[in-house]
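A.B. asks: Everything below, folded, please.
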Amino acid sequence: MSRGRGSGERLGDRGRLLILCGVMVVMIVVVCVVAPSTQENDPRPTITNVGPHGAKAAYLMLEGLGIKTSSWNHPLAELNGYLSDAQVARTTLILAEPRYDATQEKDLAAAVSRFLERGGRVLTTGASGAGLLPGGEVSAAGMLASGPCRTTPEGPGALARAGRVEMVNESQWAKDGPQYVVEQRCGKDAVVVRYVVGKGEAVWWSSSTPMENAGLKNDASLKLLLASVGAGTGLAKEAGRDVVFGESLHGAVKSIWDEAKGLPLKWVALQAALLFALLVVSFSRRRGPVRSPVRLPRSSPVEFATSMGDLYEKAAASSAATEAAKRRLLRVLTREAGVTQGTIEEGPEAIAEVLRVRLGGDWSLVSEHLQEAKRAEHEAIAMRSALALVRALSEDAKSVRAQLAPRQTVESRA
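C.D. replies: Just a heads-up that it's a prediction; the model follows:
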């Protein structure tokens, strides 16, 4: 019967453990679904970034206007082989704040140049974007500003007709020539420039601020984006252009870790570790040796000492403890050391003198301890001081016995 009852108890523990595991799994799934996929501080203008600096709104807006919009997550050099000449001629490639190594710049610039010469349009932003354009050359912004500037339109071009745009002036176009048409300026800095390359056209912005989620809400920013991609604004005579966001140049190439980005992996790992610890503790406790709990009998000296100590502590009876220790010492002096009752009544100094005569040595500490115990009868002392005094009186009793032991041995031999 006891064996079956033990199996039932183990089954109950396992059932509770399974329920706990199920609850934790549900919590992990809920957190993974609810958790945002992009952090607010992500500075990349990608179409998957829903933060203030992302380009998710621009992608959805162009798609909502009926423009065929897509993303390119492969090496940029493969784009020219993927699209035919006719497709390139009606495609705008957006390279927003591209990121690349210096060793890649030459190959990337060649791919962009080939795309432009075939009749495509490229909209790129920032100093890194200018580095990919044929003849692209920028310098540090000449206008110091703590925030976005309000651009000044220049000329009758479609990009200038967008109006005054809020743009972070990170750099200015430094290349001179009649082929470079400046459409917007921040102070004297050229921040929006377009020019013809082969059969295509290149458009450069100082920063991607107008197409970001936080900046696209402004009417001028929206108009500038539409004009730059050639969405029926007059920048290009043909209509119905396709728009391709080049995502491969700011970490949009998908991998197994990219798919997991944004998930609360740390919390999942912590919960998994906690679950493993619960499993180990649960089963190791049940599979370990069964030992009966150690219980001291009430007649045990340890139990008695503990009980008496608790009573003294609760009653704050420090004087009772010191009085008991003093009586034990006096009992040793009278019964074992042969100190008379009259000497005891004379006081601690007389006791110390008798011990000096009979046992030799200095017994002044015994006198001091007995005097302290006498004062403790009438004055309340701290528990810690009482404990120290009790120990001192006990040590005095041991010292007396230690001095008496050789004398008793000699007398017994005689």
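
A.B. asks: Now the element after the strand of greatest length in the chain, going C-ward?
C.D. replies: For the chain, the strand with the greatest residue count under DSSP state E is strand 189-197. Moving toward the C-terminus from strand 189-197, the next helix or strand (DSSP states H and E) is strand 200-205.

A.B. asks: got the contact list for that next one?
C.D. replies: Strand 200-205 has contacts (Cβ atoms under 8 Å, 6 or more residues apart in numbering) with 88-89, 115-126, 129-130, 133-134, 136, 159, 167, 173, 191-196, 228, 235-236. Yep, even glycine has a C-beta here, placed from its N, CA and C like the rest.

A.B. asks: Got a quick ChimeraX command for the buried subset of those?
C.D. replies: Buried members of the contacts of strand 200-205, defined by 16 or more other Cβ atoms under 10 Å, are picked up in ChimeraX with:
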select :88,89,115,116,118,119,120,121,122,123,124,125,126,129,130,133,136,159,167,173,191,192,193,194,195,228,235,236
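
A.B. asks: Tell me which of the contacts of strand 200-205 fall in helices.
C.D. replies: Within these, residues falling in helices by DSSP state H are Val88, Ala89, Phe115, Leu116, Glu117, Gly126, Gly129, Ala130, Ser228.

A.B. asks: Quick check: the two most widely separated of those?
C.D. replies: Using Cβ to Cβ, the ones in helices among the contacts of strand 200-205 span at most 26.1 Å, a distance reached by Ala89 and Gly126.

A.B. asks: quick check, distance from the helix or strand harbouring Ala405 to the centre of its chain.
C.D. replies: Using DSSP H and E, Ala405 sits in helix 383-413. The chain centroid and the centroid of helix 383-413 are separated by 61 Å, computed with Cα atoms, centre = their mean, to the nearest Å.

A.B. asks: do the same with stretch 163-173
C.D. replies: That offset, for stretch 163-173, works out to 37 Å (Cα atoms, centre = their mean).

A.B. asks: Chain neighbours aside, what residue packs nearest to Gly135?
C.D. replies: Excluding the flanking residues, the one nearest Gly135 by Cβ to Cβ, 6 or more residues apart in numbering is Lys175, at 5.7 Å.

A.B. asks: how many neighbours does that neighbour have?
C.D. replies: When neighbours are counted by other Cβ atoms under 10 Å, Lys175 registers 17.

A.B. asks: can you pull the contacts of it?
C.D. replies: Gly135, Gly136, Glu137.

A.B. asks: Could you check the pLDDT of the first one?
C.D. replies: Okay, so that is Gly135. Gly135 is assigned 90 on the pLDDT scale.

A.B. asks: which residues does it contact?
C.D. replies: Lys175, Gly177, Tyr195.

A.B. asks: Could you report the separation of the first one from Leu333?
C.D. replies: If I follow you right, that is Lys175. 111 Å (Cβ to Cβ, to the nearest Å).

A.B. asks: what's the domain layout of the protein?
C.D. replies: Here the domain assignment for the chain is 11-35+263-287, 56-251, 301-413, based on automatic domain parsing.

A.B. asks: Redo the ones you listed as TSV? Include distance to Asn41.
C.D. replies: Shown next, in TSV, are these (distance: least, Cβ to Cβ, whole Å):
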stretch	distance to Asn41
domain 11-35+263-287	15
domain 56-251	13
domain 301-413	57
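
A.B. asks: got the buried residues for the host helix or strand of Ala111?
C.D. replies: Ala111 is located in helix 105-117, with elements delineated by DSSP H and E. Going by neighbour count (16+ other Cβ under 10 Å), the buried part of helix 105-117 is Leu108, Ala109, Ala111, Val112, Ser113, Arg114, Phe115, Leu116.

A.B. asks: How about residues contacting stretch 390-407?
C.D. replies: The contact list for stretch 390-407 (Cβ under 8 Å, 6+ apart) reads 321-322, 324-326, 328-329, 332-333, 336-337, 355, 359-361, 365-366, 369-370, 373.

A.B. asks: Put the alpha carbons of it into CSV.
C.D. replies: Written as CSV, here are the backbone C-alpha positions of stretch 390-407 (Å, rounded to 0.1, in the frame of the first residue of the first chain):
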residue,chain,number,x,y,z
VAL,A,390,29.5,34.2,32.4
ARG,A,391,32.3,32.9,30.2
ALA,A,392,34.9,34.6,32.3
LEU,A,393,33.5,33.0,35.5
SER,A,394,33.5,29.6,33.9
GLU,A,395,37.1,30.0,32.8
ASP,A,396,38.0,31.0,36.4
ALA,A,397,36.5,27.7,37.6
LYS,A,398,38.5,25.7,35.0
SER,A,399,41.7,27.5,36.0
VAL,A,400,41.2,26.6,39.7
ARG,A,401,40.6,23.0,38.8
ALA,A,402,43.6,22.9,36.6
GLN,A,403,45.8,24.2,39.5
LEU,A,404,44.3,21.6,41.9
ALA,A,405,44.8,18.6,39.6
PRO,A,406,48.6,18.1,40.3
ARG,A,407,48.1,18.5,44.0
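
A.B. asks: what's the neighbour count on Leu355?
C.D. replies: Quick note: Leu355 (other Cβ under 10 Å) scores 24 neighbours.
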